[in-house]
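> sequence and predicted structure below; questions after.
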Amino acid sequence: MKAVVLHAYGPPSNLKYEDFADPSPNSGEVLVRVHAAGVNPIDWKIRSGATARMWPTTFPAILGYDFAGTVQALGADVSGFAVGDRVFGRTPACYAELTTVKASELAKVPDGLDLIVAGGIATPVTTADQLINEAVKAQPGQTILLTGALGSVGHVALFAALQAGAKVIAGVRLDQIDQAIALGATAAIDVNDPTDLANLGTVDAVADTIGGPLANKLLAHVKPGGNFGALTGPPSDAALHPTVNVHAFGSHPDARAILHYAEAIRDHKLKFAIDLLLPLASAAEAHTKGEKGGIGKIVLTA
């Protein structure tokens, strides 16, 4: 098969489009012919070596977690899927024409949803779902401050929090306030405005997708016993706020969740846009553009 292969940490140019051995499904796994593979920030953090201490990479490596495609073959002890099924999910090594995935972490693409869209959603929606429902533990009637509410993870987290019955204050830039309100946020504040932060008051929980100095400032606004969901790791000042329950987490595959949000996207209840579509061979270009920022979801087509 053709794949995008990384032989050493470094710049995007280290991603090489070349021949690679075809994978084979083990027991309980499915072999998928990839049609679309999503590009996420974690991909270029791994490529650059930024995550090497936490998650060392064995070379040669194939990056990527999000995919959609068709079932090519079934491993032993797999039921519920057949060759030719349109499927999607998240699994390592998706920048390739073929990948394997645990059947338990695989879902069928809902009728009416394009494979390209399906190929880009698994990591953002599982991350958002787990931020709201596992880290923040959103409950009906609670007030949650959500930072980065218009990002690829944040806008899905906003949808998830509203589905849980929570009231959401979106923490965004000044020029994004109207858009956040249009997406259903109860209120919105400019996170770069000290006055807005000072007037925030106390909230039941914070769902933070940004981290850094802002996260430290927001800890003081969580009520005693409230939850702080930290997507980018625990705030450095967490120990100074012992009454706040800080939940830093790494997201994981969830077939139920991806199907739920995929159906919401198909039914136009949740917006999910693909901002840049490139061929698999242009993965290096995708990383270069993604790292510069100012662009949303990128998908590679195999």
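Yep, it's here. Numbering: from 1, shown residues only.
> can you show me the helices along the stretch 51-200 of the chain?
115-118, 122-130, 154-163, 177-182, 194-198 (DSSP state H, counting those that start in this stretch).
> can you lay out the ones you listed as TSV showing mean pLDDT and distance to E263?
C-beta: built from backbone N, CA, C; applies to glycine. Shown next, in TSV, are those (pLDDT from 0 to 100; distance: least, CB to CB, whole Å):
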stretch	mean pLDDT	distance to E263
helix 115-118	97	11
helix 122-130	97	11
helix 154-163	97	12
helix 177-182	95	22
helix 194-198	92	36
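> ok, which of these comes nearest Y65?
Among the helices of the stretch 51-200 of the chain, helix 122-130 comes nearest to Y65, with 5.1 Å by CB to CB.
> what helices or strands is the closest one leaning on?
If contacts are counted by 3 or more CB pairs under 8 Å, 6 or more residues apart in numbering; DSSP states H and E, helix 122-130 sits against strand 29-39, strand 66-74, strand 86-90, helix 154-163, helix 255-266.
> ok, 6 Å please
strand 86-90, helix 154-163, helix 255-266 (3 or more CB pairs under 6 Å, 6 or more residues apart in numbering; DSSP states H and E).
> what comes up buried for that helix?
By 16 or more other CB atoms under 10 Å, the buried positions in helix 122-130 come out as A122, T123, P124, V125, T126, T127, A128, D129, Q130.
> swap in stretch 222-240?
Residues of stretch 222-240 classed as buried: V222, G226, N227, F228, G229, A230, L231, G233, P235, A238 (neighbour count, 16+ other CB under 10 Å).
> could you identify the most distant pair in those residues?
Maximum pairwise distance in the buried residues of stretch 222-240, criterion CB to CB, is 18.7 Å, between G226 and G233.
> in this structure L6 contacts T58, no?
No: applying CB atoms under 6 Å as the test, L6 and T58 come out as separate, 10.4 Å apart.
> of these two, which one has the most company?
L6 (21 against 5; other CB atoms under 10 Å).
> roughly how far apart are that one and G49?
10 Å (CB to CB, to the nearest Å).
> for N245, same thing?
Counting by CB to CB, the separation of N245 from G49 is 32 Å.
> now the spatially most central residue of the chain: closest residue in space, sequence neighbours ignored.
Centroid-nearest residue in the chain, with CA atoms, centre = their mean: P124, separated by 2.2 Å. Of all residues not flanking P124 in the chain, S152 sits nearest, at 4.6 Å (CB to CB, 6 or more residues apart in numbering).
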